[in-house]
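Structure for this input, please:
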Amino acid sequence: MEEYENLKQIIESAADDVQKAQGGNKAAGTRVRKTMQDIKNAAQDVRKRILEVRSDAPK
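The predicted model follows:
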């Protein structure tokens, strides 16, 4: 599922900035917060897609 793969990619891309933010880098913290919002939106896209798949499945 494309939406899920996108979500995984966003999460993986945040790893470096999370480490930098833990070290006190304020700019990295800002990037992590933005990425978390992107993750939230991507997760919602996955939820919507799952509901579409479920409703399209034969009963």
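
correct me, but T35 touches A15?
No: assessed by C-beta atoms under 8 Å, T35 is found out of contact with A15, at 10.0 Å. Bear in mind the C-beta positions are built from the backbone N, C-alpha and C, glycine included.

Tell me how far the nearest residue to T35 once chain neighbours are set aside lies from A43.
Distances taken as C-beta to C-beta, 6 or more residues apart in numbering place A14 nearest to T35, at 4.3 Å, with adjacent residues excluded. Noted for A14: a distance of 13 Å to A43, by C-beta to C-beta, to the nearest Å.

more crowded one of those two?
Applying other C-beta atoms under 10 Å to A14 and A43 shows that A14 carries more neighbours, namely 18 against 15.

What helix or strand is the residue lying closest to N6 once chain neighbours are set aside located in?
Excluding the flanking residues, the one nearest N6 by C-beta to C-beta, 6+ apart is A42, at 5.6 Å. Assigned by DSSP states H and E, A42 belongs to helix 26-56.

helices or strands next to that helix in the packing?
Applying 3 or more C-beta pairs under 8 Å, 6 or more residues apart in numbering; DSSP states H and E, one finds that helix 26-56 contacts helix 2-13, helix 15-22.

how about the last one: buried residues?
Looking back up the chat, that one is helix 15-22. For helix 15-22, the neighbour count (16 or more other C-beta atoms under 10 Å) marks D17, V18, K20, A21 as buried.

Farthest pair within those residues?
Largest separation among the buried residues of helix 15-22 by C-beta to C-beta: V18 and K20, giving 7.4 Å.

joint contacts of those two?
Residues touching both V18 and K20 by C-beta atoms under 8 Å, 6 or more residues apart in numbering: A28.

Mind pulling up the pLDDT for the residue lying closest to D45 once chain neighbours are set aside?
Nearest residue to D45 in three dimensions, chain neighbours excluded: E3, at 4.6 Å (C-beta to C-beta, 6+ apart). E3 carries a pLDDT value of 95.

Also L7?
With respect to pLDDT, L7 scores 97.

if we take the buried residues of helix 15-22, which one ends up nearest to A57?
A57 has its nearest neighbour among the buried residues of helix 15-22 in V18, at 36.8 Å by C-beta to C-beta.
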